[in-house]
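Visitor: coords please:
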Amino acid sequence: MLALDLGSRRIGVAVSDPSGTIASPHAVLERTGDTRRDHRAVADLVAETGAEVVVVGLPLSMTGERGPAARAAAAEITELAAVLPVPVVTHDERLTTISAERSLRGAGVRGARRRERVDKVAAAVILQAWLDGPGRQAPGAGSA
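Guide: This next block holds a predicted model:
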């Protein structure tokens, strides 16, 4: 599995182990300003990693509603799904960046190094939650 934390400046990427048990931070893609180019870069990562499903964080509001950020992400996820050769599912990403920041801070990662890593760690938090979640679906089964 591959997971994405879509940001306005960066896309955090995480991957699972072959058994689909453990998520690990993988990479951070800097946004180019060209969404199609960014999506091709994601497609390249899907091919490179052999991912069978892509899990994308959906930034719901704290009440669980789809606000402007979630609607914008959903629109991008639809575009991304059209270019990827594997199923794309969404997973609630509330508080993942905060969790990633705390984890990095607790590990002693400071300043610029933390900013460089937080997006891929947030993607790993999203993926691990999806892997551990009761709503996990087999590839091709739809969205969460």
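
Visitor: Remind me what the top helix by length along the chain packs against, helices and strands.
Guide: Counting by DSSP state H, the longest helix found in the chain is helix 111-132. On a contact count with 3 or more C-beta pairs under 8 Å, 6 or more residues apart in numbering; DSSP states H and E, helix 111-132 meets strand 2-6, strand 10-16, strand 23-30, strand 54-58, strand 88-92, helix 96-106. Heads up, the C-betas are built off the backbone N, CA and C, glycines and all.

Visitor: Make sure A74 is actually in contact with L60.
Guide: No. A74 is beyond contact range of L60, at 10.3 Å (criterion: C-beta atoms under 8 Å).

Visitor: For these two, list the residues in contact with both.
Guide: R66 (C-beta atoms under 8 Å, 6 or more residues apart in numbering).

Visitor: hang on, the earlier thing: with mean neighbour count, distance to I126 and mean pLDDT added, can I get the helices and strands packed on helix 111-132 in a markdown table?
Guide: Listed next are those as a markdown table, based on neighbours: other C-beta atoms under 10 Å; distance: least, C-beta to C-beta, whole Å; pLDDT from 0 to 100:
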| stretch | mean neighbour count | distance to I126 | mean pLDDT |
| --- | --- | --- | --- |
| strand 2-6 | 28 | 5 | 96 |
| strand 10-16 | 24 | 7 | 96 |
| strand 23-30 | 18 | 8 | 95 |
| strand 54-58 | 26 | 4 | 95 |
| strand 88-92 | 21 | 6 | 92 |
| helix 96-106 | 17 | 5 | 63 |
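
Visitor: Could I get those in JSON lines, plus columns for distance to A70?
Guide: Listed next are the helices and strands packed on helix 111-132 as JSON lines, based on distance: least, C-beta to C-beta, whole Å:
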{"stretch": "strand 2-6", "distance to A70": "11"}
{"stretch": "strand 10-16", "distance to A70": "17"}
{"stretch": "strand 23-30", "distance to A70": "21"}
{"stretch": "strand 54-58", "distance to A70": "6"}
{"stretch": "strand 88-92", "distance to A70": "9"}
{"stretch": "helix 96-106", "distance to A70": "13"}
